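> Structure of the sequence below:
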Amino acid sequence: MIDVSGLIQARQAGWIARRRELHQHPELGFNEIRTAGIVASELARLGLEVQTGIGRTGVVGILEGAGDGPTVLVRADMDALPVHEENGVDYISQHPGVMHACGHDGHTTIALAVAEVLSEHRAQLNGRVKFVFQPAEEIALGASAMIEDGALLNPAPDVALGLHLWNELPLGTVGITDGAVMAGASDFTLTVTGQGGHGGLPHETRDPILAASQIVTALQSIVSRNVKPTDVAVISVTSFQAGEAFNVIPPSAALRGTVRTLSTAVRDLVERRMGEVAQNIAEGMGCTVDFDIQHLTPPVTNAKAINDHLRRVFAEATPDLQLVNDYVTMAAEDMAFFLNAVPGAFFLVGSSNPARGLDYPHHHPRFDFDEAAIPLAVRLMTAAVASYVIPG
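Numbers count the residues shown, from 1 in each chain. This is a model prediction of the structure:
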């Protein structure tokens, strides 16, 4: 294993400064023009072969080693969220209503830092590292767009690695779970149509609000009564829209929400039962229902053999690191598409520090993370990649 301790110690202040600069200038999915430009420029400076416009605003950088060997893909996401930042830091977002509220500024910084460290050991590399800087993770479209544009070709990776700074885990821990570690996500719309009328004469109507309300409640029975207790599923109705006047029963009501599961089999069961439950309730109350569900991402699924390998690598690189081998979250990530195509691992680097108030959840307007997680993540990802492309 290469010793990068001195290099990380010397460069980490610059990496943190870069993260803060990226944090000040967040960009939404498929609008990461400035960020992609910074990434491409830095990769070119490091001597990597750079491809831009992959998946619209994605960037690919290839670090070619001196000898033959495997291709390791390292993926980082770049996009921000439509959130108005409420932090009081001096690197607060300069774009009102847009914020890096999920740590992607950190992910971009970490991947660039890994490219920097490994480029200085290029002569020792047998194989190559393919750095994939992905747009539009938050809208679950960027990974597919990059894959459609050939991000997994020329050369095709043998293993795919990614990480996420994670505020549900404390600094100094890493979640590295075999199998499904993050949920697959679907979004749905249920439109209930009845017959509107006067709010004081409900007997002359077929009230879609009443029917939709019954559906909201009944959907929860799917998780409690149709899904095996040892399986996991979430159905959340997050929007209920109907009517505009206090004295008018509207002709229709629309429900929107999300479904999260850890397997496609459970997802298919939940989808079937949602349609059946909604239709039966609507018909029983004199209404009709239109059910539409869109599958955004499959579950993020880690290969056990690669996880086992990484656990050994991490223990050697950072002996004090606490590994959490059973952490699972119902948040979703389109890293799933890369891992469906290439065996690999996606690990969660603990980044919260409650003593410093750095423990707000992801997507919160006061989200921030302990920046000590950046050099730790660089060390871990560098060690992981090096274990495949640097002999000994």
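> Show me what the helix or strand that contains residue 128 is packed up against.
When secondary structure is defined by DSSP states H and E, residue 128 falls within strand 126-134. Other helices and strands packing on strand 126-134, by 3 or more CB pairs under 8 Å, 6 or more residues apart in numbering; DSSP states H and E, are helix 33-45, strand 58-64, strand 67-77, helix 104-119, helix 142-148, helix 373-389. In this view, the C-beta of every residue, glycine as well, is placed from N, C-alpha and C.
> how many degrees apart are the second one and helix 373-389 in direction?
Looking back up the chat, that one is strand 58-64. Using axes from the mean of the first three to the mean of the last three CA atoms, to 10 degrees, the inter-axis angle of strand 58-64 relative to helix 373-389 is 50 degrees.
> Can you give me the domain boundaries for this structure?
Taking automatic domain parsing as the domain assignment, the record places the domains of the chain at 5-177+327-389, 183-297.
> With respect to burial, which of those scores highest?
Among the domains of the chain, ranked by average contacts under mean count of other CB atoms under 10 Å, first place goes to domain 5-177+327-389 (a mean of 20).
> picking that back up, now the strand holding residue 128: mean pLDDT?
Averaging pLDDT along strand 126-134 gives 98.
> how much space is there between the closest residue in space to residue 104 that isn't next to it in sequence and residue 202?
Nearest non-adjacent residue to residue 104, counting by CB to CB, 6 or more residues apart in numbering: residue 77, 4.9 Å away. In this structure, residue 77 lies at 49 Å from residue 202, with CB to CB, to the nearest Å as the measure.
> try residue 69
Distance of residue 69 to residue 202, given as CB to CB: 73 Å.
> Show the end-to-end separation of stretch 363-377, please.
Between the start and the finish of stretch 363-377 there is a gap of 21 Å, counting by CA to CA, to the nearest Å.
> What mean pLDDT does that stretch get?
pLDDT averaged over stretch 363-377 equals 98, rounded to a whole number.
> what sits up against it?
Outside of stretch 363-377, the residues that reach it under the criterion CB atoms under 8 Å, 6 or more residues apart in numbering are 8-9, 12, 15-16, 19, 81, 83-87, 89, 99, 101-103, 106, 109-110, 113, 163, 165, 167, 171-172, 318, 321, 349-353, 356, 358, 360-361.
> so how far is it from its chain's centroid?
15 Å (CA atoms, centre = their mean, to the nearest Å).
> what's the nearest residue to residue 160 if we skip its chain neighbours?
In space, not counting the residues next to it along the chain, residue 160 is nearest to residue 344; the distance is 3.3 Å by CB to CB, 6+ apart.
> Return the distance of that neighbour relative to residue 71.
Noted for residue 344: a distance of 12 Å to residue 71, by CB to CB.
> got it, and residue 207?
For residue 207, the distance to residue 71 under the criterion CB to CB works out to 60 Å.
> which residues touch the residue nearest to residue 104?
For residue 77, the contacting residues are 104, 107, 108, 133, 134, 135, 137, 142, by CB under 8 Å, 6+ apart.
> How about residue 107?
For residue 107, the contacting residues are 76, 77, 78, 163, 164, 165, taking CB under 8 Å, 6+ apart as the criterion.
> Let me know whether the fifth one touches residue 333 as I believe.
Yes - the criterion here is CB atoms under 8 Å, and residue 164 meets it with residue 333 at 6.9 Å.
> Overlap of the contact sets of those two?
Residues touching both residue 164 and residue 333 comprise residue 346, with contact defined as CB under 8 Å, 6+ apart.
> isn't residue 294 right up against residue 141?
No - using CB under 8 Å, residue 294 is not in contact with residue 141, being 11.5 Å away.
> wait, is residue 169 part of a helix?
No - secondary structure assignment (DSSP: H, G, I helix; E, B strand; the rest coil) places residue 169 in strand, not in a helix.
> re the thing from before, can you lay out the helices and strands packed on strand 126-134 as JSON lines showing distance to residue 281?
Listed next are these as JSON lines, based on distance: least, CB to CB, whole Å:
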{"stretch": "helix 33-45", "distance to residue 281": "46"}
{"stretch": "strand 58-64", "distance to residue 281": "44"}
{"stretch": "strand 67-77", "distance to residue 281": "39"}
{"stretch": "helix 104-119", "distance to residue 281": "40"}
{"stretch": "helix 142-148", "distance to residue 281": "34"}
{"stretch": "helix 373-389", "distance to residue 281": "47"}
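> Of those, which is nearest residue 277?
Closest to residue 277 of the helices and strands packed on strand 126-134 is helix 142-148 (CB to CB; 30.3 Å).
> Which elements pack onto that closest one?
The elements that helix 142-148 packs onto, with contact taken as 3+ CB pairs under 8 Å, 6+ apart, are strand 58-64, strand 126-134, helix 335-341.
> So what touches that helix?
With contacts defined as CB under 8 Å, 6+ apart, helix 142-148 is touched by 29-30, 54-56, 58, 60, 77, 79, 132, 134-137, 334-338, 341.
> So the residue nearest to residue 160 versus residue 74, what's the distance?
With distances taken as CB to CB, residue 344 is found 10 Å from residue 74.
> what do those two both touch?
Both residue 344 and residue 74 are contacted by 161, 162, under the criterion CB under 8 Å, 6+ apart.
> Now stretch 285-302 - C-alpha only, PDB.
Output of stretch 285-302 as PDB, limited to C-alpha atoms (Å, rounded to 0.1, in the frame of the first residue of the first chain):
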ATOM      1  CA  MET A 285     -67.300   5.300  -3.100                       C
ATOM      2  CA  GLY A 286     -68.600   6.000  -6.600                       C
ATOM      3  CA  CYS A 287     -65.400   7.300  -8.000                       C
ATOM      4  CA  THR A 288     -62.700   6.300 -10.500                       C
ATOM      5  CA  VAL A 289     -59.000   6.300 -10.000                       C
ATOM      6  CA  ASP A 290     -56.000   6.700 -12.300                       C
ATOM      7  CA  PHE A 291     -52.700   5.300 -10.800                       C
ATOM      8  CA  ASP A 292     -49.400   6.200 -12.300                       C
ATOM      9  CA  ILE A 293     -46.000   5.100 -10.800                       C
ATOM     10  CA  GLN A 294     -42.600   5.900 -12.200                       C
ATOM     11  CA  HIS A 295     -39.500   3.900 -11.100                       C
ATOM     12  CA  LEU A 296     -36.600   6.300 -10.500                       C
ATOM     13  CA  THR A 297     -33.800   4.100  -9.200                       C
ATOM     14  CA  PRO A 298     -33.300   0.500  -8.200                       C
ATOM     15  CA  PRO A 299     -31.700  -0.300  -4.800                       C
ATOM     16  CA  VAL A 300     -28.000   0.500  -4.300                       C
ATOM     17  CA  THR A 301     -26.600  -3.000  -4.000                       C
ATOM     18  CA  ASN A 302     -23.000  -3.700  -2.900                       C
END
